[in-house]
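*Asks:* Sequence first, predicted coordinates after that:
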Amino acid sequence: MRARAPAGPCDRECKFLPLPPARIGLDGLFEGYASLFGIADLGKDIVERGAFRESLARRGPAGVKLLWQHDPAEPIGRWIALTEDSRGLFVRGQLSLAVARAREIHALMREGAVDGLSIGFRSERARTEPRSGLRRLERIDLWEISIVTFPMLPQARISAVKALRPAQRSSHAAFAHA
């Protein structure tokens, strides 16, 4: 499902990706893929390898917001790491459990009731294949990644749910399985 983001400083598109029902760490940490390369989503978009490279170099994790349902009034945490690899856009995030909405989402994630990720972006370079109607996204300006109810790309899944050990809380350098 492609959706328009609420009115804001730019015109963006949103792509929805699922998180599987899984154990969620008590610290609110999670990781997985927010986008997979070379796979058509339900909106007939295909993200190409390297599409996020320039945006990630420009913004870094701190410049990409972690939102609830693409609502800019609902930040719920922060991205610790955003990395393109051979499979797609790998992400590590942490819900801010001091925020009431993040605690609610954390509970829903732990119960498997909320299981989607979605990217909010502006397409900077894309081409549409006339025969298939598929749009190949070659360069994306990534603004935000949201936890959502309904995802767009069923193949994208969280790879692991993590929790920080008490001694690691300040560094976020190493993760242990929850």
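*Replies:* Received it, and whenever you're ready, just let me know what you need.
*Asks:* Going by C-alpha atoms from here, please, whenever you check contacts or count neighbours.
*Replies:* Noted.
*Asks:* List the contacts of residue 55.
*Replies:* 140-142 (CA atoms under 8 Å, 6 or more residues apart in numbering).
*Asks:* Take those residues and keep only those in strands.
*Replies:* 140-142 (DSSP state E).
*Asks:* Most neighbours among the residues you listed, which one is it?
*Replies:* residue 142 (27 neighbours; other CA atoms under 10 Å).
*Asks:* Mind listing the residues bridging to it?
*Replies:* Listed by DSSP bridges, the beta-bridge partners for residue 142 are residue 121.
*Asks:* thinking again about what came up before, make TSV from the contacts of residue 55 and add distance to residue 111 and pLDDT to it.
*Replies:* Output for those, formatted as TSV (distance: CA to CA, whole Å; pLDDT from 0 to 100):
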residue	distance to residue 111	pLDDT
140	33	97
141	33	97
142	29	97
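*Asks:* any idea which of those is the one closest to residue 91?
*Replies:* Nearest to residue 91, judged by CA to CA, of those is residue 142 at 12.7 Å.
*Asks:* That closest one and residue 131, how far apart?
*Replies:* Using CA to CA, to the nearest Å, residue 142 is found at 28 Å from residue 131.
*Asks:* Check residue 152 too.
*Replies:* 22 Å.
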